[in-house]
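Enquirer: sequence plus predicted model, see below.
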Number of protein chains: 2
Amino acid sequence: MTRASARNVPEVTPLWLKLSSYLILKDEEKDYLSDLEKNIVRQTARTDLLQQGEKYRDVRVMREGWAIRHKALPDGRRQVVNFVLPGDIIGMYSTLFESADHSVTTLTAVEVACFPPERIVELFQSFPRLAAALAWSGAREEAIVAERLLSLGRRTALERTAHLIVELLRRLSTVNLVENGHFTLPVTQEILADALGLSIVHINRTLRRLRDSGLIELNGQRITVNDVRQLASVGQFDELYLHLIRAPKRLERAFSGDRRARSGDDKVEGRKM
Amino acid sequence: MTRASARNVPEVTPLWLKLSSYLILKDEEKDYLSDLEKNIVRQTARTDLLQQGEKYRDVRVMREGWAIRHKALPDGRRQVVNFVLPGDIIGMYSTLFESADHSVTTLTAVEVACFPPERIVELFQSFPRLAAALAWSGAREEAIVAERLLSLGRRTALERTAHLIVELLRRLSTVNLVENGHFTLPVTQEILADALGLSIVHINRTLRRLRDSGLIELNGQRITVNDVRQLASVGQFDELYLHLIRAPKRLERAFSGDRRARSGDDKVEGRKM
DNA sequence: CGATGTATTGAATACAGTCAATAAATGTGG
DNA sequence: CCACATTTATTGACTGTATTCAATACATCG
């Protein structure tokens, strides 16, 4: 915890906060993260950060504001795949694909950091702990999408809606954007509908039910969750999928040893090759 | 294409085939893959490869047979997140999580290769091209789940079903498991229902409609797709999301240069740091 | 202060679910 | 190899959740 006094203490960004919930970052890692987020771009609400079919470019880190990742059918029907919140990364593996199969559109004015995808590779080589944390965050995103799939496939409208609210609460908590159970929800009911696979009208009715039951309150873009436990219960919320636990011991162990040799230790004891 | 005569020519596995659709593997990479798949385990149909809540163990490669990745609600409702086909990897990033948020259950007798997750790290360090190919395959899985989310959210029962059949056809084609438009579909209608967020009864009726329209034929576990184009059209199938194109040029370029320096080249020209 | 986008509610409709009964297929033990 | 049991598939009738259509209220913004 000793901090070199000469060192420029880097700003605490949402990404920093999020990764810190997974493992304790070292100063050099914080510095590298800080450097990654150096190139900052601002964009207004309801503009595209990425368009379906477009060639991928930079990797981006959401620093402030909300966006949605969504896919559309030729006839205009649309599905919101996920919400992009502060601390989330856009197009981490973009180098691997030729073109995007989804769009990303801002819901609010946003502040994003941009860097070339080559830096991800660099990071995997030079900062394996950071790389693991980023990979964790990426894999967790997949888990979130899978959980939403469970919602759309098997939860009722009420359950889905309750579930989404709890999910957002949890995710925003990690980056300090929840205060006393309330947070800003900068979405129209149309967007909620597209996220939950429902019609606008039905989302409206469902929110009404949640409000009438006293579980939530809505004032403009401010949502207050009065009873998280009960809301989570309505949504059949399973804490497991957000993987909000620190890096497993075996991972820490892997990083504690010699950096070059870390692939060998566990392996050899289990099998001979 | 010259092959060292002394070299043990490795078996062509589904994973090998799949990755080859993305980039042309070098002999040393083939050898490494072959070594990864050395430890082979067989398991009968309808047994678990992984259970929700369980601690993660080995990484597995499906060599033969089918499985499903699925999540369940406390009351028993179930959602199949994805089908695990030959060449697919189970739990690639498993080290990063404490416990599994989903189960994996075999549909047929399967043959899987097991290896400790540390080898993924090893591979990222020693075989970056292979690592990229694996990361591609992982990111593609996410894309498949996202596309299924679009299905459940915004496609009708008929569209969903048609879409899934085309998806399976495409994925199985990559690993040479489709012949003349027909392939083995080792699933009950209950599993299809759980994959598509429908009831068993409704899947049955939907399949009937597809058969009556002559688009597909079903004989036991053998399905024949008579008109892929039309079926794809019914399912609003978008070729984009499977990312069935070779590694983008910038990736190849990155690998062609000096291994240690490859993070720098593109980066510097765009910005100064 | 109109204009557009968003929210809300009622009424009619539809797609998909549930219940139920039967048929077909698959598996098991004698 | 057959008889029985179980799982899976199929179809009809009825129900219900969510959609669509429509009208109105409310909000936000230039």
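Expert: Sure, I can see it.

Enquirer: the lengthiest helix in chain A close to DNA strand D?
Expert: Ordering each helix of chain A by length in residues (DSSP state H) puts helix A:128-154 first. No. Applying C-beta under 7 Å from any atom of the strand, one finds helix A:128-154 out of contact with DNA strand D, separated by at least 10.1 Å. (C-beta placed from N, C-alpha, C; glycine too.)

Enquirer: how far away from the center of its chain is that helix?
Expert: Distance of helix A:128-154 from its chain centroid, counting by C-alpha atoms, centre = their mean, to the nearest Å, is 8 Å.

Enquirer: would you map the strands across the stretch 151-273 of chain A?
Expert: Secondary structure of the stretch 151-273 of chain A (DSSP state E, counting those that start in this stretch): strands located at A:182-184, A:216-219, A:222-225.

Enquirer: show me what from the stretch 101-250 of chain A comes close to DNA strand D.
Expert: A:Thr156, A:Ala157, A:Leu158, A:Gly197, A:Leu198, A:Ser199, A:Val201, A:His202, A:Arg205, A:Gly220.

Enquirer: out of those residues, which one has the lowest pLDDT?
Expert: Within these, the minimum per-residue pLDDT falls on A:Gly220 (93).

Enquirer: returning to what we had before: and the angle for the longest helix of chain A with helix B:128-154?
Expert: Relative orientation of helix A:128-154 versus helix B:128-154 (axes from the mean of the first three to the mean of the last three C-alpha atoms, to 10 degrees): 20 degrees.

Enquirer: do helix A:128-154 and DNA strand C come into contact?
Expert: No. Counting by C-beta under 7 Å from any atom of the strand, DNA strand C is not contacted by helix A:128-154; separation bottoms out at 8.6 Å.

Enquirer: is that helix in proximity to chain B?
Expert: Yes. Using C-beta under 8 Å from any C-beta of the partner chain, helix A:128-154 reaches chain B at A:128, A:132, A:135-136, A:138-139, A:141-143, A:145-150, A:152-154.

Enquirer: for stretch A:216-233, same thing?
Expert: No. Using C-beta under 8 Å from any C-beta, stretch A:216-233 never reaches chain B; the gap is at least 10.0 Å.

Enquirer: which positions in that stretch come out as buried?
Expert: Neighbour counts over stretch A:216-233 (16 or more other C-beta atoms under 10 Å in any protein chain shown) mark A:Ile216, A:Ile223, A:Val225, A:Val228, A:Leu231, A:Ala232 as buried.

Enquirer: separation between whichever residue of the stretch 1-150 of chain A sits closest to DNA strand C and A:Val110?
Expert: For the stretch 1-150 of chain A and DNA strand C, the shortest gap (C-beta to the nearest atom of the strand) falls at A:Arg46, measuring 7.8 Å. Distance from A:Arg46 to A:Val110, counting by C-beta to C-beta, to the nearest Å: 11 Å.

Enquirer: between those two, who's got more neighbours?
Expert: A:Val110 (22 against 11; other C-beta atoms under 10 Å in any protein chain shown).

Enquirer: what is the neighbour count of A:Asn8?
Expert: 8.

Enquirer: over to A:Leu17?
Expert: Using other C-beta under 10 Å: A:Leu17 sits among 15 other residues.

Enquirer: report pLDDT for it.
Expert: In this prediction A:Leu17 is given a pLDDT of 97.

Enquirer: helix or strand for it, which one?
Expert: Element membership of A:Leu17, judged by DSSP states H and E, is helix A:14-20.

Enquirer: any idea how far stretch A:71-82 is from the chain center?
Expert: The answer for stretch A:71-82 is 20 Å, by C-alpha atoms, centre = their mean.

Enquirer: before we move on, what about stretch A:149-166?
Expert: 18 Å.

Enquirer: ends of it, what's the gap?
Expert: 16 Å (C-alpha to C-alpha, to the nearest Å).

Enquirer: swap in stretch A:81-93?
Expert: Start and end residues of stretch A:81-93 are separated by 17 Å (C-alpha to C-alpha).

Enquirer: got it, and stretch A:73-82?
Expert: So stretch A:73-82: terminal residues 16 Å apart, C-alpha to C-alpha.

Enquirer: how about the residues of the stretch 151-273 of chain A that lie near DNA strand C?
Expert: Checking the stretch 151-273 of chain A against DNA strand C by C-beta under 7 Å from any atom of the strand, the hits are A:Thr188, A:Gln189, A:Glu190, A:Ile200, A:Val201, A:Asn204, A:Arg205, A:Leu207, A:Arg208, A:Leu218.

Enquirer: and which of the residues you listed is nearest A:Val178?
Expert: A:Leu218 (15.4 Å; C-beta to C-beta).

Enquirer: who are the contact partners of that closest one?
Expert: A:Leu207, A:Arg211, A:Thr224 (C-beta atoms under 8 Å, 6 or more residues apart in numbering or on different chains).

Enquirer: dump those to TSV, plus pLDDT.
Expert: Shown next, in TSV, are those (pLDDT from 0 to 100):
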residue	pLDDT
A:Leu207	98
A:Arg211	97
A:Thr224	97
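
Enquirer: nearest to A:Leu169 among those?
Expert: When those are compared for distance to A:Leu169 (C-beta to C-beta), A:Thr224 wins out at 10.4 Å.

Enquirer: look up how far A:Arg171 lies from the closest one.
Expert: From A:Thr224 to A:Arg171 the distance is 17 Å (C-beta to C-beta).

Enquirer: repeat that for A:Val104.
Expert: Distance of A:Val104 to A:Arg171, given as C-beta to C-beta: 17 Å.

Enquirer: for the most centrally placed residue in chain A, phi and psi?
Expert: In chain A, the C-alpha nearest the mean C-alpha coordinate belongs to A:Asp88, at 4.3 Å (C-alpha atoms, centre = their mean). Main-chain torsions, A:Asp88, degrees, to the nearest 10: phi -80, psi 150.

Enquirer: one more: the one 3 residues further on?
Expert: Geometry field for A:Gly91 lists phi and psi as phi 70, psi 40, criterion degrees, to the nearest 10.

Enquirer: check A:Ile89 too.
Expert: The phi/psi pair for A:Ile89 (degrees, to the nearest 10) is phi -110, psi 140.

Enquirer: what's the answer for A:Val110, then?
Expert: phi -130, psi 160.

Enquirer: contacting residues for it?
Expert: A:Val110 touches A:Arg42, A:Gln43, A:Ala45, A:Leu49, A:Met62, A:Arg63, A:Glu64, A:Gly65, A:Trp66, A:Ala67, counting by C-beta under 8 Å, 6+ apart.

Enquirer: which two among these are spaced furthest apart?
Expert: A:Ala45 and A:Arg63 (15.3 Å).

Enquirer: between these two, which is the more surrounded one?
Expert: Per other C-beta under 10 Å, whichever of A:Ala45 and A:Arg63 has more neighbours is A:Arg63, with 20 against 14.
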